[in-house]
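K.L.:
prediction below, plus the sequence it came from.
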Amino acid sequence: MDRATGESGATVLQLTTVPRAAAMGGALTASDGIASLFANPAGLATMSGLTLHASGQSIFEGAKAGSAALGFRASS
């Protein structure tokens, strides 16, 4: 941790691969459905039926990040 600025290193580890969360400034806990699996498992309660989530992004110089999830809600 850089004590002068209060920031930690390796900020690349804090990138999100969920498009909605990225658009909301990284607010991944606000996501719902199968995408919430990565930060807020309680959001899975809003999932219905069979749901697939797949996303990816190119970060810099060939570095890539991605995520995938498949969920099925058996009963309501």
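P.N.:
Great, that's in hand.
K.L.:
the nearest residue to Val18 once chain neighbours are set aside: what secondary structure?
P.N.:
Distances taken as Cβ to Cβ, 6 or more residues apart in numbering place Ala35 nearest to Val18, at 4.8 Å, with adjacent residues excluded. For glycine as for every other residue, the C-beta is placed from the backbone atoms N, C-alpha and C. Of the three states, Ala35 takes helix under DSSP: H, G, I helix; E, B strand; the rest coil.
K.L.:
report how many residues lie close to Ala35.
P.N.:
Using other Cβ atoms under 10 Å, Ala35 has 25 neighbouring residues.
K.L.:
identify the residue nearest the geometric centre of this protein.
P.N.:
By Cα atoms, centre = their mean, the mean C-alpha position of the chain lies nearest to Val18, the distance being 4.1 Å.
K.L.:
that older thread, from Ala27, how far off is the residue nearest to Val18?
P.N.:
Distance of Ala35 to Ala27, given as Cβ to Cβ, to the nearest Å: 12 Å.
K.L.:
hey, what's in contact with both of these two?
P.N.:
Ala21 (Cβ atoms under 8 Å, 6 or more residues apart in numbering).
K.L.:
and the helices in this protein?
P.N.:
19-23 (DSSP state H).
K.L.:
what about it, any weak spots by pLDDT?
P.N.:
1-15, 17, 28, 30-31, 76 (pLDDT under 70).
K.L.:
for it, what spans make up the strands?
P.N.:
50-60, 63-72 (DSSP state E).
K.L.:
okay, the angle between the shortest one and strand 50-60?
P.N.:
Which is strand 63-72. 170 degrees (axes from the mean of the first three to the mean of the last three Cα atoms, to 10 degrees).
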